[in-house]
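Engineer: Take a look and give me a structure for this.
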Amino acid sequence: MSTTSGATSSAPKPASTRAKPANKAEAVADWADGRLGIYTLAKSNLRKIFPDHWSFMLGEICLYSFVIIILTGVYLTLFFKPSMAEVVYHGPYAPLDGIRMSEAYASTMDISFEIRGGLLIRQIHHWAALVFVAAMLVHMMRVFFTGAFRKPREINWVFGFLLLVLGMFDGFFGYSLPDDLLSGTGIRFMEGAILAVPLVGTYVQMFLFGGQFPGTDIVPRFFTIHVLLIPGIMLGLLVAHLILVFYHKHTQWAGPGKTEKNVVGMPLMPVYMAKAGGFFFLVFGIIAAISAIATINPIWAYGPYRPDQVSTDAQPDWYMGFSEGLIRVMPGWEVSVWGGHTLNLGVMIPLAIFPLVLVAIAVYPFIEGWITGDKREHHILDRPRNAPVRTGLGAAWISLYLVLLVGGGNDLFATHFHLSLNSITYFVRVGFFVVPVIVFFVTKRWCLGLQRRDKEKVLHGRESGIIKRLPHGEFVEVHTPLAAKDLHTLTAHEQPRPIELPAQTDENGVARKAGLVAKTRAKLSEGYYGEGGQITKPTVEEFREIESGHGHH
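Structural biologist: Residues are numbered from 1 along each chain as shown. Alright, predicted model coming up:
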């Protein structure tokens, strides 16, 4: 069913009045469309417009790397044995001949050395997982710094956050499956964190591991979670995420002709699909090339896991490094309560901080919406410099992540840079509180400086490099006026005013008390949009004064 301008929709014509298909292919297409509505759906959506900007490719890298993970994961599943039953290895890798190991480790060795293309597929799978999480983090930071999370995209932001968290944990479960010495150390780390949970920690540990560590069930259970549970949830979230992107239409950068009610760019078919298809193979090719050149997770060098051994330089994948940093730099505090029960604060407190570091990302759109009171839809992106407080908060979060990452690899930093391990640990302890604050204020001042520079460009034009001598002998540089397109880009952003508290007395002179919540909101709003939070854009009067030649060379 379709509609055209000036006409009303009507019911489908009876079969006897329809034009007969020209050939069998058209007949098949007509049969399918009559039952599935494919033609109508395609006609209304395949010409949808997508803006053309390089930053939008970050989301595509997430999607393509996820597809690569699924494809390579299916191949690996055909040969991997998720069992902790012990076997004696007699494979082609001589240094491990005759060593007892789990079937999980032995089958991973077989994939690496005996299955055709197995090692390359393993490498692609692992590298694609790293790229997937990295691309999601960078993509979310792009959305954050440009304000693309604002109404109506708050729910889609939460979907993206859940995909990021699930991707991090699924990566942890996946790298734990080979049951090698490195991944086993990571599982031991997780077990210690579970045991530190008051009251229920020991019960959860016995349930997960099927007995005392390392138990007999952890690898099979991780396998089910890694290949079935989390990917299924992620696939559903990804589909919902893409549907909302399609439904809400894409955000775009400010520019001439671009408004909150249109999208300027390329149609989905054929231009965007052709470029997207080529980009997929480019991403796949680069990940494959990295996998063929750079070895990752060489389990044969670590050996099978044994509870009485710990490998040196044991590090988690980078995206989980900040969680280990929290544990490593936390003092080993313990307290006894309730008649001798020990609370391990050295692990409990980092466990409480760990989700807070992540949840801070998820809840920010709702916090900013509450502070600003902005209920409008936004489809035009902010330049990061025009939202100094938001940009400063994002930079502070990244700096906190990096500081904790240093803490998670404190032994490597100590050995590679010949530093004291204790000095690095104390630096991270102090940096956890100090570095984000410093980064916030530096970034905010940087953004304000860029705003001032933009204002100068709008009012006085761009420096031309041409020196002119005035009649009274003064030398000045001639400025070139900006083009209309550049003027629009530098002045298109909105500058909301701070929320003001109501008058202290009403019209009858009765005192009106403002609650703590209202005062807090007004104070935060002043920080965001007050004099210290933004530089006022040039007014029309200022611009006309400059245009008329007053105060301008």
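
Engineer: Okay, the closest residue to Trp370 other than its chain neighbours and Gly373: tell me how far apart.
Structural biologist: Beyond its immediate neighbours in the sequence, the residue positioned closest to Trp370 (C-beta to C-beta, 6 or more residues apart in numbering) is Arg521, lying 6.9 Å away. For the C-beta atoms, the positions are set from N, CA and C on the backbone; glycine is no exception. When C-beta to C-beta, to the nearest Å is applied, the distance between Arg521 and Gly373 equals 8 Å.

Engineer: Spit out the residues that contact those two alike.
Structural biologist: Common neighbours of Arg521 and Gly373, counting by C-beta atoms under 8 Å, 6 or more residues apart in numbering, are Ile499.

Engineer: May I have the residues that are in contact with the residue nearest to Trp370?
Structural biologist: Contact analysis of Arg521 by C-beta under 8 Å, 6+ apart lists Trp370, Ile371, Ile499.

Engineer: any idea whether the last one is helix, strand or coil?
Structural biologist: Three-state assignment for Ile499 (DSSP: H, G, I helix; E, B strand; the rest coil): coil.

Engineer: residues near it, how many?
Structural biologist: For Ile499, the count of nearby residues is 17 (other C-beta atoms under 10 Å).

Engineer: since we're on Ile424, how many residues are nearby?
Structural biologist: Ile424 is flanked by 22 other residues according to other C-beta under 10 Å.

Engineer: And for Val335?
Structural biologist: Val335 is surrounded by 10 other residues when neighbours are defined as other C-beta under 10 Å.

Engineer: Can I get stretch 185-205 as CSV, trimmed to CA atoms?
Structural biologist: Listed next in CSV are the C-alpha coordinates belonging to stretch 185-205 (Å, rounded to 0.1, in the frame of the first residue of the first chain):
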residue,chain,number,x,y,z
THR,A,185,45.2,-16.2,36.9
GLY,A,186,42.4,-13.9,35.7
ILE,A,187,39.8,-16.3,36.9
ARG,A,188,41.6,-16.6,40.2
PHE,A,189,41.4,-12.8,40.4
MET,A,190,37.6,-12.9,39.8
GLU,A,191,37.2,-15.7,42.4
GLY,A,192,38.9,-13.5,45.0
ALA,A,193,36.6,-10.6,44.2
ILE,A,194,33.6,-12.9,44.6
LEU,A,195,34.8,-14.2,47.9
ALA,A,196,35.1,-10.7,49.2
VAL,A,197,31.3,-10.1,48.9
PRO,A,198,29.9,-10.2,52.4
LEU,A,199,27.5,-13.0,53.4
VAL,A,200,26.9,-14.6,49.9
GLY,A,201,30.4,-14.6,48.5
THR,A,202,31.3,-18.2,49.4
TYR,A,203,27.9,-19.5,48.2
VAL,A,204,28.3,-17.8,44.8
GLN,A,205,31.8,-19.1,44.5
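
Engineer: How about residues contacting that stretch?
Structural biologist: Stretch 185-205 is contacted by residues 172, 175-176, 208-209, 213-214, 218, 305, 307, 310-311, 314, 316, 324, 327, 343-344, 347-348, 351 when judged by C-beta under 8 Å, 6+ apart.

Engineer: could you redo the last one with a cut-off of 7 Å?
Structural biologist: Outside of stretch 185-205, the residues within contact range by C-beta atoms under 7 Å, 6 or more residues apart in numbering are 176, 209, 213, 218, 310-311, 314, 316, 324, 343-344, 347-348, 351.

Engineer: all helices of the stretch 101-250 of the chain, in order?
Structural biologist: Counting by DSSP state H, counting those that start in this stretch, the stretch 101-250 of the chain has helices at residues 103-113, 118-146, 154-176, 181-195, 201-209, 218-224, 230-248.

Engineer: I'd like the average pLDDT over the longest one.
Structural biologist: The predicted model gives helix 118-146 an average pLDDT of 96.

Engineer: so which of the helices of the stretch 101-250 of the chain gets nearest Trp338?
Structural biologist: Taking C-beta to C-beta as the criterion, Trp338 comes closest to helix 201-209 out of those, the separation being 14.5 Å.

Engineer: Pull out the buried positions in stretch 423-441.
Structural biologist: Residues Ile424, Thr425, Phe427, Val428, Gly431, Phe432, Val435, Pro436, Val439, Phe440 are the ones in stretch 423-441 that count as buried (16 or more other C-beta atoms under 10 Å).

Engineer: what does stretch 514-522 give?
Structural biologist: Those buried within stretch 514-522 under the rule 16+ other C-beta under 10 Å are Arg521, Ala522.

Engineer: Just the CA coordinates for it, please, in PDB.
Structural biologist: Listed next in PDB are the C-alpha coordinates belonging to stretch 514-522 (Å, rounded to 0.1, in the frame of the first residue of the first chain):
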ATOM      1  CA  ALA A 514      13.500  27.100  47.800                       C
ATOM      2  CA  GLY A 515      14.200  23.400  48.600                       C
ATOM      3  CA  LEU A 516      17.700  21.900  48.600                       C
ATOM      4  CA  VAL A 517      17.000  20.100  45.300                       C
ATOM      5  CA  ALA A 518      16.000  23.400  43.600                       C
ATOM      6  CA  LYS A 519      19.000  25.200  44.900                       C
ATOM      7  CA  THR A 520      21.300  22.400  43.800                       C
ATOM      8  CA  ARG A 521      19.800  22.400  40.300                       C
ATOM      9  CA  ALA A 522      20.100  26.100  40.000                       C
END
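
Engineer: Off-centre distance for it?
Structural biologist: Computed by C-alpha atoms, centre = their mean, to the nearest Å, the chain-centroid distance of stretch 514-522 equals 32 Å.

Engineer: Quick test: name the residue nearest the centre of this protein.
Structural biologist: Here the mean C-alpha position of the chain is nearest to the C-alpha of Leu137 (C-alpha atoms, centre = their mean), at a distance of 2.5 Å.

Engineer: That concludes my questions; thank you for your assistance.
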